[in-house]
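In: take this sequence and fold it.
(2 chains)
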2 protein chains.
Amino acid sequence: MDLLTPYQLRQQIKTGQFQGQTSGLASGYVQCNMAIVPQSSAAEFLLFCQRNAKACPLVAVSEPGQFLLPELGLDLDLRTDLPSYRVFKQGELVDEVLDIRALWRDDLVSFLIGCSFSFEEALLAAGLEIRHISEGKNVPMYNTQLACVSAGRFSGNMVVSMRPMKPADAIRAIQICSRFPAVHGAPVHFGDPQAIGISDIRSPDYGEAVSIKPGEVPVFWACGVTPQAVIKQAKPDFCISHSPGHMLVTDLLNSSLASF
Amino acid sequence: MDLLTPYQLRQQIKTGQFQGQTSGLASGYVQCNMAIVPQSSAAEFLLFCQRNAKACPLVAVSEPGQFLLPELGLDLDLRTDLPSYRVFKQGELVDEVLDIRALWRDDLVSFLIGCSFSFEEALLAAGLEIRHISEGKNVPMYNTQLACVSAGRFSGNMVVSMRPMKPADAIRAIQICSRFPAVHGAPVHFGDPQAIGISDIRSPDYGEAVSIKPGEVPVFWACGVTPQAVIKQAKPDFCISHSPGHMLVTDLLNSSLASF
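Out: Here you go, the predicted structure:
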């Protein structure tokens, strides 16, 4: 499974043969968070992403109604090529589906947002340990009191992911992630969780807790869950997202995102 | 005084009109630490610098006996163009002089080593506060238990400089300093001083203590005092250095050192 090209993997997803999480698959290629909103909300949400680029780094934005994105991948169809989708009405989760062709509308605008998988691959390639991967868990994520910059109805606080590291490794991680602004870039904080409004580091709001060893500090990155949390709060009539961990796998190389 | 070009400043130093510290002068231009050792020690010291490039980043190394370095500056003469020199015999400070022409020997090799003034200018330009500058003090420096890699007689522990910052500013500082490997590059540590063998952050081994405010962490950089400490310990028959703060001012732009 993990030796498939992105195209082959998307074919398996398109035909329903693969319905699982995409973490670790099609290694070397960009995976994306997805948020789909009606055109009536799209301009405001685009502005929100522009103003909060660390949490919502845009890899691509579709035209209204567009579901084929050849610039992201061969035969790539946003309606069928993600393993699982979540459907929201008035901000409430109403369904989880494998295909959104039946829900498609000509006014839907799709936002493809960078994902931490890309920078995690660069960190692993540099010999750094990533604790949740070592421990076979989902990355721990936390609500914070770091306010996003509002745009119309879209507002809220940043969600962050956390990876514990020794300070020297954290410095290296900051250098590496700074090369990848399109996938959240450098961390936004390290050290004291309370300084950004996290009261208990052992109780993440999403994902799973990981161990923090003596001499390590928690390092916090802006997280792609932020736009989902913000959309849910803005309660547009209708919206669709990927299911957590079930990302859009593209033909773009992670290395193509490096800024230098 | 601070509006002089590097050439004009060196002329004032050469003629004895200026004998002070060079911090803040000839803004925008590279200043260097200097260590001069006999040729018999030069190969080992060069190897030490190569193996410990974060503490001893070499901007230039002379030929034996060479005292004019046109690649560093117009009419630049290492014997006269620093405001003050220290002379060591068997590792002991024996004299502090304004001119080393009378001490010059055909076997002396000069090492010009990058200085934190260059990256501090880049940090200030990015709007970051540098506490010792705000407080009008010398930067606090500390002996650590971070071992340098030995080369022949040259061995010892790294000396670090410290600048307190909020974590978000420290992340920005890591990004900025990573562009300047020729002037110590990224920090080597942040947070717990004891993790690198510093028992009391309020008592620096060199320079002066600065205040650390709530929410700030100490950030530690490899320091150009390291080679001086190592040379003193290796006790070569004869050596010369700049006096602390009395640097060689070159015609090289700080921006020319940026790696990207």
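In: quick one: the strands in the stretch 101-250 of chain A, in order.
Out: Remark: strands assigned in the stretch 101-250 of chain A by DSSP state E, counting those that start in this stretch are A:108-114, A:141-147, A:157-165, A:189-190, A:217-222, A:238-242, A:248-253.
In: can you lay out those as CSV showing distance to residue A:196, mean pLDDT and mean neighbour count?
Out: Placement of C-beta: from N, CA and C, glycine included. Below are those laid out as CSV (distance: least, Cβ to Cβ, whole Å; pLDDT from 0 to 100; neighbours: other Cβ atoms under 10 Å in any protein chain shown):
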stretch, distance to residue A:196, mean pLDDT, mean neighbour count
strand A:108-114, 21, 96, 24
strand A:141-147, 5, 97, 19
strand A:157-165, 7, 97, 25
strand A:189-190, 5, 98, 26
strand A:217-222, 7, 98, 24
strand A:238-242, 25, 95, 23
strand A:248-253, 29, 97, 22
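In: and for residue A:234, nearest residue in space, chain neighbours not counted?
Out: Nearest residue to residue A:234 in three dimensions, chain neighbours excluded: residue A:153, at 4.3 Å (Cβ to Cβ, 6 or more residues apart in numbering or on different chains).
In: picking that back up, chain B: which of the strands of the stretch 101-250 of chain A is closest?
Out: Of all the strands of the stretch 101-250 of chain A, the one in closest proximity to chain B, counting by Cβ to the nearest Cβ, is strand A:189-190 (5.0 Å).
In: and the closest one, what does it pack onto?
Out: strand A:217-222, helix B:167-178 (3 or more Cβ pairs under 8 Å, 6 or more residues apart in numbering or on different chains; DSSP states H and E).
In: quick one: contacts of the lowest-mean-pLDDT helix or strand in chain A?
Out: Every helix and strand of chain A was ranked by mean pLDDT, DSSP states H and E. The lowest is helix A:225-234, at a mean of 90. Outside helix A:225-234, the residues that touch it by Cβ atoms under 8 Å, 6 or more residues apart in numbering or on different chains are A:33, A:35, A:37, A:41, A:45, A:48-49, A:52, A:55-56, A:88, A:91, A:111, A:113, A:141, A:143, A:148, A:153-156, A:158-159, A:161, A:206, A:239, A:241, A:244.
In: go on, stretch A:45-63?
Out: Applying Cβ under 8 Å, 6+ apart, the contact partners of stretch A:45-63 are A:30, A:32, A:35, A:37, A:69, A:71-72, A:78, A:109-114, A:148-152, A:154-155, A:158-159, A:181-185, A:188, A:222-224, A:226-227, A:230-231, A:250, A:252.
In: got a PyMOL select line for the buried ones in the residues you listed?
Out: A single PyMOL command suffices to select whichever of the contacts of stretch A:45-63 are buried according to 16 or more other Cβ atoms under 10 Å in any protein chain shown:
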select buried, chain A and resi 30+32+35+37+69+72+78+109+110+111+112+113+114+148+151+154+158+159+181+182+183+184+185+188+222+223+224+226+227+230+231+250+252
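In: and the stretch 1-150 of chain A, which of its residues are near chain B?
Out: Nowhere does the stretch 1-150 of chain A come near chain B, counting by Cβ under 8 Å from any Cβ of the partner chain.
In: look up how far chain B lies from the residue nearest to residue A:234.
Out: 28 Å (Cβ to the nearest Cβ, to the nearest Å).
In: and what of residue A:134?
Out: Residue A:134 sits at a distance of 22 Å from chain B (criterion: Cβ to the nearest Cβ).
In: next: residue A:74.
Out: With the distance defined as Cβ to the nearest Cβ, residue A:74 ends up 33 Å from chain B.
In: in which helix or strand would I find the spatially closest residue to that residue that is not a sequence neighbour?
Out: Closest residue to residue A:74 in three dimensions, ignoring its sequence neighbours and counting by Cβ to Cβ, 6+ apart: residue A:7, at 5.1 Å. Here residue A:7, judged by DSSP states H and E, is contained in helix A:6-14.
In: domains of chain A?
Out: For chain A, the structural domains run A:6-116+A:236-257, A:118-226, going by automatic domain parsing.
In: how long is the last one from one end to the other?
Out: Across domain A:118-226, the straight-line distance between its terminal residues is 17 Å, by Cα to Cα, to the nearest Å.
In: re the thing from before, what about the residue nearest to residue A:74, how many residues nearby?
Out: Neighbour count for residue A:7, taken as other Cβ atoms under 10 Å in any protein chain shown: 16.
In: ok, now the one 10 residues further on?
Out: Other residues lying near residue A:17 total 9 when counted by other Cβ under 10 Å.
In: and it, what helix or strand is that in?
Out: Here residue A:17 is assigned to no helix or strand, by DSSP H and E.
In: that one and chain B: what is the separation?
Out: Summarising the geometry, the distance separating residue A:17 from chain B, computed by Cβ to the nearest Cβ, is 43 Å.
In: in TSV: the helices and strands packed on strand A:189-190, plus distance to residue A:194.
Out: Output for the helices and strands packed on strand A:189-190, formatted as TSV (distance: least, Cβ to Cβ, whole Å):
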stretch	distance to residue A:194
strand A:217-222	11
helix B:167-178	12
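In: which one of those lies closest to residue B:133?
Out: Each of the helices and strands packed on strand A:189-190 has some distance to residue B:133 by Cβ to Cβ; the shortest is helix B:167-178, at 13.6 Å.
In: where does chain A have low pLDDT?
Out: Within chain A, the stretches with pLDDT under 70 are A:1-2.
In: and the strands of the stretch 101-250 of chain A as JSON lines, adding distance to residue B:15?
Out: What follows is the strands of the stretch 101-250 of chain A, written out as JSON lines (distance: least, Cβ to Cβ, whole Å):
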{"stretch": "strand A:108-114", "distance to residue B:15": "59"}
{"stretch": "strand A:141-147", "distance to residue B:15": "56"}
{"stretch": "strand A:157-165", "distance to residue B:15": "53"}
{"stretch": "strand A:189-190", "distance to residue B:15": "50"}
{"stretch": "strand A:217-222", "distance to residue B:15": "52"}
{"stretch": "strand A:238-242", "distance to residue B:15": "71"}
{"stretch": "strand A:248-253", "distance to residue B:15": "59"}
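In: returning to that earlier point: export the domains of chain A to JSON lines and tack on distance to residue B:137?
Out: Formatted as JSON lines, those follow (distance: least, Cβ to Cβ, whole Å):
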{"stretch": "domain A:6-116+A:236-257", "distance to residue B:137": "34"}
{"stretch": "domain A:118-226", "distance to residue B:137": "25"}
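In: what residues does the closest residue to residue A:80 other than its chain neighbours make contact with?
Out: Of all residues not flanking residue A:80 in the chain, residue A:14 sits nearest, at 4.8 Å (Cβ to Cβ, 6+ apart). Shown in contact with residue A:14 (Cβ under 8 Å, 6+ apart): A:77, A:80, A:81.
In: and those as JSON lines, adding secondary structure and neighbour count?
Out: Putting these into JSON lines (DSSP: H, G, I helix; E, B strand; the rest coil; neighbours: other Cβ atoms under 10 Å in any protein chain shown) gives the following:
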{"residue": "A:77", "secondary structure": "strand", "neighbour count": "17"}
{"residue": "A:80", "secondary structure": "coil", "neighbour count": "18"}
{"residue": "A:81", "secondary structure": "coil", "neighbour count": "24"}
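In: nearest to chain B, of those residues?
Out: Nearest to chain B among the contacts of residue A:14, with distances taken as Cβ to the nearest Cβ, is residue A:81, at 35.2 Å.
In: quick one: the nearest residue to residue A:97 once chain neighbours are set aside from residue A:244, how far?
Out: Ranked by Cβ to Cβ, 6+ apart and with sequence neighbours excluded, the top spatial neighbour of residue A:97 is residue A:85, at 5.2 Å. Taken as Cβ to Cβ, to the nearest Å, the spacing of residue A:85 relative to residue A:244 amounts to 11 Å.
In: one more: residue A:58?
Out: As for residue A:58, its distance to residue A:244 is 19 Å (criterion: Cβ to Cβ).
In: same check, this time on residue A:40
Out: 26 Å.
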